[in-house]
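Student: Fold the following and give me the result.
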Amino acid sequence: MHGRRWWRYGVSGLVVILVPLAAYLGWLQGRSTGAPAAPASPEAPTGQALASGSSVSPLPSAPAVSAAPLPALETPLRDALAMLRQRADAGDPNAACRLAAEFEYCHQIRYRLVAASEVLQQQEQLRSNTGSGLSEETRQNMRDMMAANSERLLKESEHCEGVALSTAAERVRYWRQAALGGNTPALRHYAVGNAFRLNETLENLDALAVYRREAEALAWRGTASGDLHTAFALASALSPQRNELRRYFLAQAVRPDKVKALALYLHLKRQLESAPAALGGLRSQVEQQSGELLAELDAPAQARARELAAGYARDWTPSSREPFAIPSPGARGTPDAARAECSQPTARRVPDPPPSLPAPAGAS
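Tutor: Down below sits the predicted model:
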């Protein structure tokens with residue numbers, strides 16, 4: 001049906017869309033029991049060093065990133081899966097990032113198909129509800145729009161055909177592996193907690209215990225690599241007010257520190273000075289939150305924050321690509337790492353922080 005164009009969707013048209021949607025969802029359910037994923041290791045080789053909070057630990061040793069390019073984005077996952085898994089399991093962080101992002105993409109496609117199917121069924125019920133207050137033309141336009149959206153979803157889902165649904169443990173394992181290997185988008189995704197979905201919390205309890213020990217150090221690494229979204233998430237997590245208001249996973253894993261939070265906001269203010277108008281909202285948030293902290297801190301604390309911010313600007317790796325090309329923050333505050341990001345030039349091993357980089361935890 002993907003090659004046909006549906007100009008008008010009456011009852012029969014909706015049925016034509018709903019039937020393949022239901023069939024595809026059934027196929028996905030049947031494919032959900034693929035080969036079991038390798039269990040996530042409960043301890044990282046550098047877990048104790050990361051948990052100590054005394055310094056930003058060196059990245060664990062890993063094989064060099066393969067010079068071979070990752071598969072083209074349009075390559076069906078079934079054709080790229082074996083190669084991506086082989087490279088990821090051999091220690092290539094970019095391949096691990098891409099594999100995790102591919103699994104995430106297909107996982108989300110499934111939920112979008114479920115939602116689309118439910119909406120189409122609601123539209124069909126609405127069609128016969130003459131008391132809805134909507135004109136027939138409005139109802140028809142809504143059916144056209146929803147059916148067209150469902151057909152697009154079915155087309156996108158072809159990318160995932162022939163591949164068993166991933167498990168929560170498998171996705172988290174590859175996100176973490178890519179993050180520990182220094183892949184910048186994966187560092188952002190894992191450090192802020194986007195690798196963990198609320199509807200899979202019980203499946204990820206062991207992995208969350210590991211995350212709690214690693215998250216802050218990894219967030220500092222991602223921030224030091226030039227990722228502004230990670231910096232904003234870490235500043236919000238360190239800020240006591242924001243920590244209480246929006247307790248995302250990273251905020252639950254760090255100890256509030258007003259001085260370091262202000263230092264990060266001051267660093268962000270400098271970075272956002274040349275930001276386009278589209279990021280005016282982010283700039284306003286940074287201005288507001290830094291102003292609140294400035295009002296709470298005494299002069300010596302403000303001076304320490306400014307000193308830290310100057311060190312960040314001096315020592316941290318500037319982004320090698322336009323940082324404002326990164327997607328705007330999503331519903332949870334930080335955008336997910338997209339498949340395309342994993343193979344961009346900035347997806348690289350983050351160098352060990354310079355000696356002057358402040359520790360991720362300590363006295364305010």
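Student: Every contact and neighbour count from this point should use C-alpha atoms.
Tutor: Fine.
Student: Mind checking the pLDDT average for the strand or helix carrying Tyr190?
Tutor: Under the criterion of DSSP states H and E, Tyr190 resides in helix 184-191. Averaging pLDDT along helix 184-191 yields 93.
Student: what does stretch 214-229 give?
Tutor: Stretch 214-229 comes out with an average pLDDT of 92.
Student: low pLDDT regions in the stretch 201-350 of the chain?
Tutor: Confidence mapping of the stretch 201-350 of the chain against pLDDT under 70 gives the ranges 242-247, 275-279, 318-332, 344-350.
Student: quick one: contacts of the helix or strand containing Val259?
Tutor: Per DSSP H and E, Val259 falls inside helix 258-271. With contacts defined as C-alpha atoms under 8 Å, 6 or more residues apart in numbering, helix 258-271 is touched by 228, 231-232, 234-236, 238-240, 283, 286-287, 289-290, 293-294, 297, 301-302, 304-310, 312-313, 364.
Student: Mind checking which of those residues are in helices?
Tutor: 228, 231-232, 234-236, 238, 240, 283, 286-287, 289-290, 293-294, 301-302, 304-310, 312-313 (DSSP state H).
Student: Wait, Leu294 touches Gln302, no?
Tutor: Yes: using C-alpha atoms under 8 Å, Leu294 is in contact with Gln302, at 6.8 Å.
Student: Now the terminal residues of stretch 72-80, how far apart.
Tutor: End-to-end distance for stretch 72-80, by C-alpha to C-alpha, to the nearest Å: 9 Å.
Student: Quick check: buried residues in that stretch?
Tutor: Residues of stretch 72-80 classed as buried by neighbour count (16 or more other C-alpha atoms under 10 Å): 76-77.
Student: quick one on the thing from earlier: show me how to select, in PyMOL, the buried members of the contacts of helix 258-271.
Tutor: To isolate the buried ones among the contacts of helix 258-271 in PyMOL, judged by 16+ other C-alpha under 10 Å, type:
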select buried, resi 228+231+232+234+235+236+238+239+240+283+286+289+290+293+294+301+302+304+305+306+308+309+312+313
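Student: The residue nearest to Arg304 when sequence neighbours are not counted: neighbour count?
Tutor: Using C-alpha to C-alpha, 6 or more residues apart in numbering and skipping residues adjacent in sequence, the residue nearest Arg304 is Val259, 7.0 Å away. Using other C-alpha atoms under 10 Å, Val259 has 25 other residues around it.
Student: Now do the helix holding Val259 against helix 228-238, angle only.
Tutor: Between helix 258-271 and helix 228-238, the angle comes out at 150 degrees (axes from the mean of the first three to the mean of the last three C-alpha atoms, to 10 degrees).
Student: In the stretch 51-200 of the chain, what residue spans correspond to helices?
Tutor: With helices called from DSSP state H, counting those that start in this stretch, the stretch 51-200 of the chain shows them at 77-89, 93-127, 136-157, 168-180, 184-191.
Student: Help me confirm that Ala253 comes into contact with Ala215.
Tutor: Yes: counting by C-alpha under 8 Å, Ala253 touches Ala215, with 6.5 Å between them.
Student: of these two, who's got more company?
Tutor: Ala215 (26 against 22).
Student: If you count neighbours, what's buried in the helix or strand where that one lies?
Tutor: Assigned by DSSP H and E, Ala215 belongs to helix 205-224. Using 16+ other C-alpha under 10 Å as the test for burial, helix 205-224 gives 207-208, 210-224.
Student: Could you do stretch 81-100 as well?
Tutor: Buried residues in stretch 81-100, defined by neighbour count with 16+ other C-alpha under 10 Å: 81, 84-85, 87-88, 90-100.
Student: residue contacts, the closest residue to His229 other than its chain neighbours?
Tutor: For His229, ignoring the flanking residues on the chain, the nearest one in space by C-alpha to C-alpha, 6+ apart is Thr334 at 6.3 Å. Contacts for Thr334 were tallied using C-alpha under 8 Å, 6+ apart; they are 192, 194, 229-230, 233, 328.
Student: Which strands and helices lie in contact with the helix holding Tyr190?
Tutor: Counting contacts by 3 or more C-alpha pairs under 8 Å, 6 or more residues apart in numbering; DSSP states H and E, helix 184-191 packs against helix 168-180, helix 205-224, helix 228-238.
Student: Redo those as JSON lines? Include distance to Ala67.
Tutor: Shown next, in JSON lines, are the helices and strands packed on helix 184-191 (distance: least, C-alpha to C-alpha, whole Å):
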{"stretch": "helix 168-180", "distance to Ala67": "16"}
{"stretch": "helix 205-224", "distance to Ala67": "22"}
{"stretch": "helix 228-238", "distance to Ala67": "27"}
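Student: Quick check: Met146 touching Glu118?
Tutor: No: Met146 is beyond contact range of Glu118, at 10.5 Å (criterion: C-alpha under 8 Å).
Student: Which of those two has more residues huddled nearby?
Tutor: Met146 (20 against 13).
Student: residues near the residue lying closest to that one once chain neighbours are set aside, how many?
Tutor: Distance criterion C-alpha to C-alpha, 6+ apart; nearest residue to Met146, sequence neighbours excluded, is Leu120 at 6.5 Å. Using other C-alpha under 10 Å, Leu120 has 23 neighbouring residues.
Student: Near Arg270, how many other residues are there?
Tutor: Per other C-alpha under 10 Å, the neighbour tally for Arg270 reads 13.
Student: Tell me the spacing between it and Ala168.
Tutor: Look at Arg270 and Ala168: by C-alpha to C-alpha, they are 38 Å apart.
Student: now Trp220
Tutor: 25 Å.
Student: about what we covered before: helices or strands up against the helix holding Ala215?
Tutor: Looks like helix 205-224 contacts helix 47-52, helix 168-180, helix 184-191, helix 228-238, helix 249-253 (3+ C-alpha pairs under 8 Å, 6+ apart).
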